[in-house]
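In: Here's my sequence, what's the structure:
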Amino acid sequence: MDAAPRTLADEDLDLLRDLAHWAERELGHTIERDRVRRVVDGLVPDPVEVPGYALQVVSLPRDDSGDVADWRIAADGSLHCTVGTVPAAGRVSALLSAAVRAAVIARTDVEMATAMAGLEAQIAADLSAADTVGSLFHLRLDPASGHAVYEDAGHGLAAVVRADGAAEVLRSHDLPIGLHPDQTPRTTGALDLASGDRVVLCTDGLLAGVGEFDTLIGWARGADDGAGLTDRVRAVATGGTLLVLARD
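Out: Numbering: from 1, shown residues only. Now for the predicted structure:
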């Protein structure tokens, strides 16, 4: 730019056109990022209250993360908690994780024995097209009895920490979604929560700030309650989700 008019050569005009195209692309990318950000933020479920229990949550969603997280109360009064991960490049991971979460929600009132099989049938083609797989941990709690059942599809980031400090990682030998053999049923585990017991679930994205899962379990042992653990994690985590379900 100048205060005096000038004559532009063809090369100058080409440079200006290149600059215009670059600016247009950058504006488009910014708008796209903002839209994805709003969608990802909208995927965080509302808080739930379960009499006799406390569910503490740290949710730090990112638009380039494939973390899956959901918690809700089913029609029969049971509490469902789900965490998982779909590794993929860029925002494709967020798109696929949203599809997995939608499949989980669609089976809220489906029996555990058939829910995972139906979920895998629904999303297998999407995962295959993206050349990736998905891990998932899904737990269902009966608040009245404290009895919970769960399935672990290659996730492994779940544990129960007892009131006396004993801890057990909840995992199976089942493969991730997209690798588990067809027609092979998933392994269902079970546990009973007594007063003071806590279930700790997290996504892969959370461990980027926390470290190893064993570190998180150690923090859970040392915390007075679920709120103490989530406060400590929130101070260091840069993304991901943590669920701490404690029986009063």
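In: What is the burial count for the nearest residue to Ala220 once chain neighbours are set aside?
Out: Closest residue to Ala220 apart from its sequence neighbours, by Cβ to Cβ, 6 or more residues apart in numbering: Val161 at 4.6 Å. For glycine as for every other residue, the C-beta is placed from the backbone atoms N, C-alpha and C. Residues within reach of Val161, counting by other Cβ atoms under 10 Å, total 24.
In: What are the buried residues along stretch 92-112?
Out: 92-101, 103-104, 107-108, 112 (16 or more other Cβ atoms under 10 Å).
In: picking that back up, in contact with the residue nearest to Ala220, which residues?
Out: Each residue near Val161 by Cβ atoms under 8 Å, 6 or more residues apart in numbering is listed here: Ala167, Asp197, Arg198, Val199, Val200, Ile217, Ala220, Arg221.
In: ok, now Asp18?
Out: Counting by Cβ under 8 Å, 6+ apart, there are no residues that Asp18 touches.
In: How much space separates it from Glu11?
Out: The span separating Asp18 from Glu11 equals 11 Å under the rule Cβ to Cβ, to the nearest Å.
In: What residues are bridge-paired with the spatially most central residue of the chain?
Out: Within the chain, one residue has its C-alpha closest to the average C-alpha position: by Cα atoms, centre = their mean, that is Val68, at 2.4 Å. As for beta bridges, Val68 partners with Gly84 under DSSP bridges.
In: any idea what sits nearest Pro176, other than its immediate chain neighbours?
Out: Counting by Cβ to Cβ, 6+ apart, Gly154 is the residue found nearest to Pro176 once chain neighbours are left out, at 3.3 Å.
In: Phi and psi next, for the residue lying closest to Arg162 once chain neighbours are set aside.
Out: With sequence-adjacent residues excluded and distances taken as Cβ to Cβ, 6+ apart, Arg162 is closest to Asp197, at 5.3 Å. Dihedral pair for Asp197: phi -80, psi 150, per degrees, to the nearest 10.
In: try Gly52
Out: phi 90, psi 0.
In: who are the neighbours in contact with it?
Out: For Gly52, the residues meeting the contact criterion (Cβ under 8 Å, 6+ apart) are Pro143, Arg247, Asp248.
In: Please enumerate the strands of the chain.
Out: Remark: strands of the chain, listed N- to C-terminal, are 53-60, 67-73, 79-85, 135-142, 147-153, 158-161, 167-169, 188-192, 198-202, 240-247; assignment by DSSP state E.
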